[in-house]
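Student: generate coordinates for the sequence data below:
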Amino acid sequence: MPVINSIAAMEPEMREWRRWLHRNPELQFDLPKTAGFVAGKLREFGVDEVHEGIATSGIVAIIAGRGEGPTIGLRADMDALPIKEASGVEHSSETEGKMHACGHDGHTTMLLGAAKYLAETRNFKGRVALIFQPAEEGGGGGDVMVQEGVMDRFEVEQVYGIHNAPNYAEGEFFTTPGPIMAAVDTFHIDITGKGGHGAMPHDTKDPVVAALGIGQAIQTIVSRNHYALDELVVSITQIHTGTADNIIPGGAYIEGTVRTFDPKVQDMVERRLKQIVEGQAASYDVTAACRYECGYPATVNDAEKAAFAARVAADVVGEGRVTANAPKEMGAEDFSYMLNVRPGAYLLLGAGTGPVLHHPEYDFNDSIAPLGASFFARMVETAQPL
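Tutor: Below you'll find the predicted structure:
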């Protein structure tokens, strides 16, 4: 089965929805215009139920099929990013300092397209729960929706999601059994020394030199403390200290990110970070404290559901355009919380060449929206056929 004809014919309408969303970006849980737009469209399409205000601004819409059966969940994220847009497109953000730099406007559009088709055709049994989620970008909206009971409340038995992927072949799907995206943690290191004049370092306890030593030592976690075939990234992303060229400051701050797939590796990194910080601080005669924050867990596909999703994607775009055993990604995704409580799968949909995600010049490729919408629709019809 190729792209669904009625969804392909919907492409101009979907582009209009997506560009309205792009012009009106909102952040995290504060999505009144976005959620209002989505809820309005769902009611216009004639879905059976629209439940608003979940996780503050999330929505779950229910479409009933033509017979008794289970409920399948389809999820899209809705929030934007605190980035000043520089794409130059006609439909650029109209809100200074906010933009859809990750394509959540496109993800929402794809699920809306599937919703319109499914509400019109209802060529399936059971129900579909359309999950429009806030706060994927750092707020953990997926976790909040799970904690508020959406999976139990709406009796969702399996759940699927898509993310667009710039610089992957346009219109091709990628997924894999097991882990597909990493867990993400953050570490914070506060170094306290003794400031003084830059011309008299002997009267100080220099936190800058200590920060440099700690930063170098942290790199040995990857190179010397873990098995080379276990995926791991430890990156220092911020160092803040000092105010002038002739003053040794009294303190310094280091921040960074850790990406893992295995909880044992995650525990090892936390342990070694704290040991390194303590030991290096002592060697430089300063004090230092390391705070480790666990973030989104790894996104782990159910092997059977991932294989099923790949077969459905092949029905839409052709078998040669689906990679069912794609490499893992070191990025993170809070769809992981939904996959922790229900079997399902996460897929990437190639968007072709262009600026990467979270780049101020990024813009979602509208031509792939009908592919994503068709995948969502076929997933329901294939998983729960009449």
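
Student: quick check: next helix or strand after the least confident helix or strand in the chain by mean pLDDT?
Tutor: Lowest on mean pLDDT, DSSP states H and E among the helices and strands of the chain sits helix 5-8, with a mean of 94. Using DSSP states H and E, the helix or strand that follows helix 5-8 towards the C-terminus is helix 11-23.

Student: buried residues, the helix or strand following that following helix. List them.
Tutor: Downstream of helix 11-23, the first helix or strand assigned by DSSP H and E is helix 32-45. Within helix 32-45, the residues scored as buried using 16 or more other CB atoms under 10 Å are 34, 35, 37, 38, 39, 41, 42, 45. In short, each C-beta sits where N, CA and C put it, glycine included.

Student: was I right about the fifth one contacting residue 58?
Tutor: This means residue 39. No: using CB atoms under 8 Å, residue 39 is not in contact with residue 58, being 10.6 Å away.

Student: between those two, which contacts overlap?
Tutor: Jointly contacting residue 39 and residue 58 under the rule CB atoms under 8 Å, 6 or more residues apart in numbering is no residue at all.

Student: one step back: so which of the buried residues of helix 32-45 comes closest to residue 230?
Tutor: Of all the buried residues of helix 32-45, the one with the least separation from residue 230 (CB to CB) is residue 34, at 38.9 Å.

Student: coming back round to it: the buried residues of helix 32-45 into JSON lines, with extra columns for distance to residue 167 and pLDDT?
Tutor: Shown next, in JSON lines, are the buried residues of helix 32-45 (distance: CB to CB, whole Å; pLDDT from 0 to 100):
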{"residue": "34", "distance to residue 167": "27", "pLDDT": "98"}
{"residue": "35", "distance to residue 167": "31", "pLDDT": "98"}
{"residue": "37", "distance to residue 167": "29", "pLDDT": "98"}
{"residue": "38", "distance to residue 167": "28", "pLDDT": "98"}
{"residue": "39", "distance to residue 167": "34", "pLDDT": "98"}
{"residue": "41", "distance to residue 167": "30", "pLDDT": "98"}
{"residue": "42", "distance to residue 167": "32", "pLDDT": "98"}
{"residue": "45", "distance to residue 167": "33", "pLDDT": "98"}
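
Student: next, format those as a markdown table and append distance to residue 378.
Tutor: Below are the buried residues of helix 32-45 laid out as a markdown table (distance: CB to CB, whole Å):
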| residue | distance to residue 378 |
| --- | --- |
| 34 | 26 |
| 35 | 27 |
| 37 | 25 |
| 38 | 22 |
| 39 | 25 |
| 41 | 21 |
| 42 | 20 |
| 45 | 18 |
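
Student: great, nothing more from me.
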